[in-house]
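> Task: produce atomic coordinates for the following.
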Amino acid sequence: MERVGIPLGVEPVTQRRVVRSEWTKLISLRSTRWALAATLVLAVGIGVLACIVFETRWAHLSVTDRTDFHPLSVSLAGINFAQLSIGVLGVLAITGEYSTGMIRSTFGAVPRRLPMLWAKVLVFGSTAFAISLPATFIVFFVGQAILSGEHINIGLGHSGVFRALIGVPLFLTAMGLFGLAVGAIVRSTAGGIAALAGIVFVLPPIVGLLPSSVADSVDPYLPSNSGGAIWTITPDPGTLAPWAGFAVFCAYVAVTLAIAAVLLVRRDA
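Take a look at the predicted model:
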């Protein structure tokens, strides 16, 4: 029997089917595999390398360098680089469809558009978290095993360590969703990556050039700095508390996604 408004043999568009479609598109892209591999290499590889360097050179470090040393910070040295790769993947997750023209087919299959955006958010966010969570704990345990050679390692039960390790995948996931939202707004791969890199890496040094009274007030609330507070075990004076900072960053992500949703509905493909 033909359903009302739906031709015989045609399945209705449901959020579950849209999610399944977005998952198929995400995992079938070569750029996804490369970006996820880059995230793993940066997060794990740089962290392990940093631990090897400090363990090897520990006997020759100055008193100042030893005082500034923190075993968790060294293990997570690659996260500042991994945030760019996961953010770029977020941009590619949606701008790739605009560059190939596939977005027209997507909108033809999902005319209301917003279910497509929410499906991308769910699929990409879940994938980013599933990759970054084990990577974080792997680099921590491997890094601390290396540092134990000089007895400068730290345990999982140390104050703030577990929160920081859980905070890393939360931060990377949010950064990836931020990149996705920026990509949805800009609709250009090059433009989206440039905008993301500018916000994450260029904006903080620019703010640092402002008078100290202004810079000190603005700097903690920048997206990368506020989000990074969640995985910083020894925050600098004047920075936001870990969960408060992450809440600020999540607000950036939510507002950016809201803007992307409005533009997605109003603009032509």
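> switch to C-alpha atoms for all contacts and neighbour counts from now on
Noted.
> Next, count neighbours for residue 174.
By other C-alpha atoms under 10 Å, 26 other residues sit near residue 174.
> A helix includes it, no?
Yes. Assessed by DSSP: H, G, I helix; E, B strand; the rest coil, residue 174 belongs to a helix.
> And stretch 200-216, what's buried?
200, 204, 207, 215, 216 (16 or more other C-alpha atoms under 10 Å).
> In this model residue 238 seems to touch the last one, though I could be wrong.
Yes. Judged on C-alpha atoms under 8 Å, residue 216 makes contact with residue 238 at a distance of 7.3 Å.
> Can you pull the residues that touch both of those two?
Common contact partners of residue 216 and residue 238 (C-alpha atoms under 8 Å, 6 or more residues apart in numbering): none.
> Skip the chain neighbours and tell me the closest residue to residue 249.
With sequence-adjacent residues excluded and distances taken as C-alpha to C-alpha, 6 or more residues apart in numbering, residue 249 is closest to residue 227, at 4.9 Å.
> Just give the number of residues close to the nearest residue to residue 175 once chain neighbours are set aside.
Setting aside the residues directly before and after it, residue 175 is nearest to residue 87 in space (C-alpha to C-alpha, 6+ apart), at 5.5 Å. Close neighbours of residue 87, defined as other C-alpha under 10 Å, add up to 31.
> Secondary structure element holding residue 87?
helix 79-100 (DSSP states H and E).
> Tell me the buried residues in that helix?
Quick answer for helix 79-100 (16+ other C-alpha under 10 Å): 79-80, 82-98.
> before we move on, the earlier item: just checking, the residue nearest to residue 249 touches residue 252?
No. Using C-alpha under 8 Å as the test, residue 227 is too far from residue 252 to be in contact (9.6 Å).
> More neighbours: which of these two?
The neighbour count for residue 227 versus residue 252, taken as other C-alpha under 10 Å, is higher for residue 227 (30 against 20).
> For that one, give me its contacts.
Residue 227 is in contact with 171, 245, 246, 247, 248, 249, 250, counting by C-alpha under 8 Å, 6+ apart.
> for it, helix, strand, or coil?
Here residue 227 is recorded as helix under three-state DSSP.
> now swap in residue 152 and tell me
Residue 152 is classified as coil under three-state DSSP.
> ok, back up a step: for residue 107, see how far away the residue nearest to residue 249 is.
According to C-alpha to C-alpha, to the nearest Å, residue 227 stands 33 Å off from residue 107.
> Also residue 226?
Using C-alpha to C-alpha, residue 226 is found at 35 Å from residue 107.
> Neighbour count: those two, which is higher?
Using other C-alpha under 10 Å, the more surrounded residue of residue 226 and residue 107 is residue 226, with 25 against 15.
> The residue lying closest to the more buried one once chain neighbours are set aside is in what secondary structure piece?
Closest residue to residue 226 apart from its sequence neighbours, by C-alpha to C-alpha, 6+ apart: residue 245 at 4.3 Å. Taking DSSP H and E as the definition, one finds residue 245 inside helix 242-266.
> my read: residue 128 touches residue 175, true?
No. Under the criterion of C-alpha under 8 Å, residue 128 makes no contact with residue 175, lying 9.5 Å away.
> shared neighbours, the two?
Shared contacts of residue 128 and residue 175, counting by C-alpha under 8 Å, 6+ apart, come down to residue 86.
> Neighbour count: these two, which is higher?
The neighbour comparison of residue 128 against residue 175 (other C-alpha under 10 Å) goes to residue 175, with 31 against 24.
> For the more buried one, give its distance to residue 51.
For residue 175 relative to residue 51 (C-alpha to C-alpha), the value is 25 Å.
> Ok, residue 77 next?
9 Å.
> So for the two, which residue has more residues nearby?
residue 51 (28 against 21).
> which residues does the more buried one contact?
By C-alpha under 8 Å, 6+ apart, the neighbours of residue 51 are 71, 74, 75, 143, 144, 146, 147.
> If we ignore the residues flanking it in sequence, what's nearest the third one?
What it means is residue 75. Residue 75's closest residue in space is residue 47 (C-alpha to C-alpha, 6+ apart), at 4.5 Å.
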